[in-house]
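Enquirer: structure, please.
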Amino acid sequence: MGPNGSGYKVLVIDDSNTIRRSAEIFLKQGGHEVLLAEDGFDALSKVNDHKPHLIFCDILMPRLDGYQTCAIIKRNAHFSNVPVVMLSSKDGVFDKARGRMVGSQDYLTKPFTKDQLLQAVQQFGTVQQEVQ
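Expert: Residues are numbered from 1 along each chain as shown. Model prediction:
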């Protein structure tokens, strides 16, 4: 559970409305607070304003892709400890390695299930809690 005894504050960054909506539904069913962003620029202001415990970030997005978005978040000392899980429709070794290079904790292949999403929140939300 999150620091206040309830769920975690989770930011989902994806340019697909369908993915954002399903992630929001799954996460809310799991008792988490959900923030949504449709691209990297939108996400950066939300990270700053809302300080999420965990971020799911799509790789292929217009303007600022997931790797760039993750790298910018990780370079900021205030947010460098926030776990980032990359989302991609490709299950490629190269994508996973590149995600790790920019500081992501893990990688979920789309379409993900409710269980996969909630399991990632459980696994990585606690990391953030221990750091604070």
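Enquirer: only C-alpha atoms for contact and neighbour calcs from this point on.
Expert: OK.
Enquirer: show me the helices in this protein, by range?
Expert: For the chain, helices defined by DSSP state H occupy the ranges 17-29, 40-50, 66-75, 93-101, 114-131.
Enquirer: mean neighbour count, the ones you listed: which tops it?
Expert: Highest mean neighbour count among the helices of the chain (mean count of other CA atoms under 10 Å): helix 66-75, with a mean of 21.
Enquirer: that one packs against which elements?
Expert: helix 40-50, strand 54-58 (3 or more CA pairs under 8 Å, 6 or more residues apart in numbering; DSSP states H and E).
Enquirer: note down every partner strand of the last one and its orientation.
Expert: Counting by DSSP bridges, the strands paired with strand 54-58 are strand 9-13 (parallel), strand 84-88 (parallel).
Enquirer: tabulate those (a markdown table), appending distance to D58.
Expert: Formatted as a markdown table, these follow (distance: least, CA to CA, whole Å):
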| stretch | distance to D58 |
| --- | --- |
| strand 9-13 | 6 |
| strand 84-88 | 4 |
